[in-house]
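Novice: Sharing a model that was predicted from the sequence below.
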Amino acid sequence: MHTRESPKTFRVKSFGCQMNVYDGERMAELLADKGIAPAPDGEEADLVVLNTCHIREKAAEKVYSDIGRLVKAGGERPPMIAVAGCVAQAEGEEIMARAPAVGMVVGPQAYHRLPELIDRAVRGERAVDTEMPADAKFAALPARRRAAPSAFLTIQEGCDKFCTYCVVPYTRGAEISRSFKDLLREAQRLVEAGAREITLLGQNVNAWTGEDAKGRSIGLDGLIRQLAALPDLARIRYTTSHPNDVTDGLIAAHGEVAKLMPYLHLPVQSGSDRVLKAMNRSHTAASYLKLLDRFRAARADIALSGDFIVGFPGETEAEFTETLRLVDAVGYAQAFSFKYSPRPGTPAATMTGHVAREVMDERLQRLQDAINRDQFAFNQRSVGRRCTVLVERKGKRPGQWLGKSPWLQSVFFEGASGIGEMAEVALAAAGPNSLAGELLVPAAA
Ligand code: 5AD
Ligand code: SF4
């Protein structure tokens with residue numbers, strides 16, 4: 001067996017969704033607790049965690065090329081490599097067999113055991129830990145100590161929806177909700193550590209259920225209402241939702257809870273009912289549009305966002321046109337669109353009628369043109385509005401700051417006092433992806 005030195009420095013590289021960003025932060029906290037320090041910028045780390053994503057494209061191939069690069073860059077002293085995330089879950093044993101440089105593989109529900117796996121790697125043992133489910137994980141993670149002004153909080157993991165294209169139910173497992181008590185505690189810690197905004201995360205975030213301190217059953221809206229009572233928390237967001245788990249209470253919360261930001265990410269995937277059925281989405285284009293109308297009735301200025309897949313097996317030109325029609329009907333403030341990518345083990349991967357790559361490229365382009373047009377129009381309509389901007393970082397130009405509007409637009413402006421400030425700003429000019437703002441000096445100042 002080949003023993004090695006304990007790592008002194010680490011780097012976590014997260015790919016994919018916001019939940020991976022959250023998991024990456026939690027892994028960094030675990031490693032810091034173990035006495036391993038973040039590697040300084042520009043320096044090689046002794047331990048590299050590749051926190052992978054499996055949702056689209058050749059994710060596994062990308063992992064192998066990243067591993068190759070790390071080994072090459074390390075020369076005589078290659079780093080200890082840990083593969084985490086959804087590729088680890090889906091292909092753990094295969095990664096171990098194909099990549100001898102990998103010291104350990106750890107799934108998204110098992111990363112709380114990373115410190116043990118590192119000890120084993122030091123002793124020369126290579127190990128795969130892809131156990132599910134996640135309930136043990138959160139209890140084993142250290143308390144939060146650091147938080148950005150805008151912080152993530154995973155409240156729910158896994159998915160029981162089984163959309164036919166999607167790998168998530170297999171890599172993240174069945175839906176589980178973290179307990180209200182844990183979430184309240186973690187939210188309090190995040191706020192104490194400097195968070196002004198918390199984005200509640202879940203693959204199906206609006207399927208969250210729990211019991212509040214008085215033992216009452218509550219859903220996402222109840223959780224939002226209770227978190228809104230934290231005095232130093234200014235903003236709440238949540239993502240990603242499924243249309244079928246939207247409740248009357250959640251819609252009402254958008255009209256009633258001032259701290260709940262006017263933004264909704266509600267993926268639809270396609271505007272064609274035939275395609276939606278083949279995707280096992282269990283909603284129609286019309287029922288989706290009706291739902292959005294109800295959100296708009298509760299909160300007129302709500303910014304709408306969604307996800308789309310083009311080129312699902314069997315998608316015809318006419319069916320794709322229905323997607324464009326839906327986009328026109330909604331007028332999204334922002335939306336994400338992807339080419340269909342067959343995921344091994346999912347039902348759609350073995351469906352007939354795969355759409356040619358050039359056709360997918362062309363459809364994606366048309367869809368993105370439509371989405372970009374609407375996003376720009378939304379930004380232009382925002383000019384003249386006054387709003388708060390939560391400052392997240394410095395801009396590129398001296399004196400410039402960058403933050404987010406309530407509608408999740410990036411806003412550049414001058415004169416902020418620092419990161420984490422909630423600045424009152426007038427939106428003065430719109431670009432396709434951001435706005436320029438002017439700081440409003442409070443009358444009393
Ligand atoms: N191919 C392309 N896009 C996908 N998504 C999920 N699975 C696939 C796939 N196999 C997209 C969906 C989902 C988003 C997170 O990723 O639009 O909402
Ligand atoms: Fe995947 Fe569908 Fe679940 Fe979203 S709802 S994670 S797309 S299976």
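Specialist: That came through, no problem. Ligands and ions are numbered 1, 2, ... in the order given.

Novice: I419 and G395 touch, don't they?
Specialist: No - with contacts counted by Cβ atoms under 8 Å, I419 stays clear of G395, the gap being 11.6 Å. C-beta coordinates here come from the backbone N, C-alpha and C atoms, glycine included.

Novice: what does the chain put close to ligand 2?
Specialist: Residues of the chain lying close to ligand 2 (Cβ under 6 Å from any ligand atom) are C159, K161, F162, C163, C166, V168, P169, Q203, N204, H242.

Novice: and the fourth one, how many residues sit next to it?
Specialist: A total of 21 residues lie near C163 under the criterion other Cβ atoms under 10 Å.

Novice: correct me, but it touches Q269?
Specialist: Yes - C163 is in contact with Q269 according to Cβ under 8 Å; the separation is 7.4 Å.

Novice: In contact with the closest residue to Q203 other than its chain neighbours: list those residues for me.
Specialist: Once flanking residues are discounted, Q203 sits nearest to C159: 4.5 Å by Cβ to Cβ, 6 or more residues apart in numbering. Contacts for C159 (Cβ atoms under 8 Å, 6 or more residues apart in numbering) come out as C166, V168, P169, R172, A174, E175, Q203, N204.

Novice: can you count the residues close to the last one?
Specialist: I take that to be N204. N204 has 23 neighbours, counted by other Cβ under 10 Å.

Novice: doesn't P243 make contact with it?
Specialist: No - N204 is beyond contact range of P243, at 10.7 Å (criterion: Cβ under 8 Å).

Novice: Show me which positions of stretch 309-326 end up buried.
Specialist: 309-315, 319-320, 322-324, 326 (16 or more other Cβ atoms under 10 Å).

Novice: Show me which residues of the stretch 1-150 of the chain are close to ligand 1?
Specialist: So the stretch 1-150 of the chain meets ligand 1 at I55, R56 (Cβ under 6 Å from any ligand atom).

Novice: In the stretch 1-150 of the chain, which residue sits nearest ligand 2?
Specialist: Here the stretch 1-150 of the chain gets closest to ligand 2 at one residue, I55, 8.1 Å apart by Cβ to the nearest ligand atom.

Novice: Give me the below-cutoff pLDDT ranges for the stretch 1-150 of the chain.
Specialist: Confidence mapping of the stretch 1-150 of the chain against pLDDT under 70 gives the ranges 1, 134-135.

Novice: for it, what spans make up the helices?
Specialist: Per DSSP state H, counting those that start in this stretch, the stretch 1-150 of the chain carries helices over the ranges 18-33, 59-74, 85-98, 114-122, 135-140.

Novice: for the stretch 251-400 of the chain, same thing?
Specialist: Secondary structure of the stretch 251-400 of the chain (DSSP H, counting those that start in this stretch): helices at 273-278, 285-298, 317-330, 357-382.

Novice: right, so the ones you listed: which one is the most enclosed?
Specialist: Stretch with highest mean neighbour count among these: helix 273-278 (a mean of 18; mean count of other Cβ atoms under 10 Å).

Novice: Packing partners of that helix?
Specialist: Contact partners of helix 273-278 among helices and strands, from 3 or more Cβ pairs under 8 Å, 6 or more residues apart in numbering; DSSP states H and E: none.
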